[in-house]
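K.L.:
The following block contains a protein sequence and its predicted model.
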Amino acid sequence: MTSRAGPRAAGTDGSDFKHREKVASHYQMSASLKSEIKKLTAVHLLIWVLVAAQVTVAHLNLVSHDLVAMPYQWEYPYLLSVVPSLLGAGALPRNNISYLVISMISAGLFSVAPLIFGAMEMFPVAQQLYRHGKAYRFIFGFSAVSVMYLLMVIAVQVHAWQIYYSKKLLDAWFTTTQEKKKK
């Protein structure tokens with residue numbers, strides 16, 4: 001053993017660490033998955049703020065519609081996607097399985113489904129932009145459909161990783177509860 005003030009204790013060369021206890025792998029995995037989910041939640045909140053800002057600015061006529069286009073229909077239900085993320089974040093501190101399951105299911109309903117609907121809603125506009133080079137909606141001088149498709153690509157990845165990591169976290173938590181039941 002080492003002391004704060006002096007050299008290493010006599011009789012040890014530092015190689016006696018193998019017999020010491022280690023943190024169980026599912027606890028390590030739980031901590032790392034929680035960290036990843038928190039990072040993805042932060043990215044999702046950033047995306048959500050951008051969509052909410054566009055909807056708010058467009059509806060309150062804070063700037064010209066030439067500068068910020070009116071939102072597409074899929075953006076309104078997507079605003080509900082903050083609820084599953086906050087439920088998932090609330091499940092993490094106490095390992096609340098039911099909140100995490102509800103978060104995963106509602107992420108599919110309120111996050112992924114509006115994005116799929118949005119991809120279908122904007123497809124004719126994107127096709128027109130590609131074929132004819134004409135855009136009628138703009139966000140700060142860029143084609144609104146291009147900006148929103150870029151946002152959607154990022155959002156789909158964020159939500160897919162959130163759901164994946166949440167599933168892995170549930171597996172780690174179930175491993176823990178199964179071990180407790182065996183004892």
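P.N.:
Now that the structure is in, tell me what you want to look at.
K.L.:
State the phi and psi torsions of the closest residue in space to residue 71 that isn't next to it in sequence.
P.N.:
Closest residue to residue 71 apart from its sequence neighbours, by Cβ to Cβ, 6 or more residues apart in numbering: residue 55 at 4.8 Å. All C-beta spots, glycine's among them, are computed from the backbone N, C-alpha and C. Reported as degrees, to the nearest 10, the phi and psi values for residue 55 are phi -60, psi -50.
K.L.:
go on, residue 142?
P.N.:
phi -100, psi 150.
K.L.:
Return the per-residue confidence for it.
P.N.:
Each residue has a pLDDT score; the one for residue 142 is 90.
K.L.:
Kindly report the same for residue 11.
P.N.:
64.
K.L.:
Would you tell me which helix is longest in the chain?
P.N.:
Counting by DSSP state H, the longest helix found in the chain is helix 144-182.
K.L.:
now the angle from the host helix or strand of residue 43 to helix 144-182?
P.N.:
In this assignment (DSSP states H and E), residue 43 forms part of helix 25-59. Angle of helix 25-59 versus helix 144-182, following axes from the mean of the first three to the mean of the last three Cα atoms, to 10 degrees, is 150 degrees.
K.L.:
average pLDDT across the helix or strand that comes right after helix 25-59?
P.N.:
Using DSSP H and E, the next helix or strand after helix 25-59 towards the C-terminus is helix 75-78. For helix 75-78, mean pLDDT rounds to 96.
K.L.:
List the contacts of the residue most central in space within the chain.
P.N.:
Residue closest to the mean C-alpha point of the chain, counted by Cα atoms, centre = their mean, is residue 40 at 3.4 Å. Under the criterion of Cβ atoms under 8 Å, 6 or more residues apart in numbering, the contact list for residue 40 reads 158, 161-162, 165.
K.L.:
one step back: what's the longest helix of the chain packed up against?
P.N.:
In this structure, helix 144-182 makes packing contacts with helix 25-59, helix 82-91, helix 97-107, helix 113-132, strand 138-139, judged by 3 or more Cβ pairs under 8 Å, 6 or more residues apart in numbering; DSSP states H and E.
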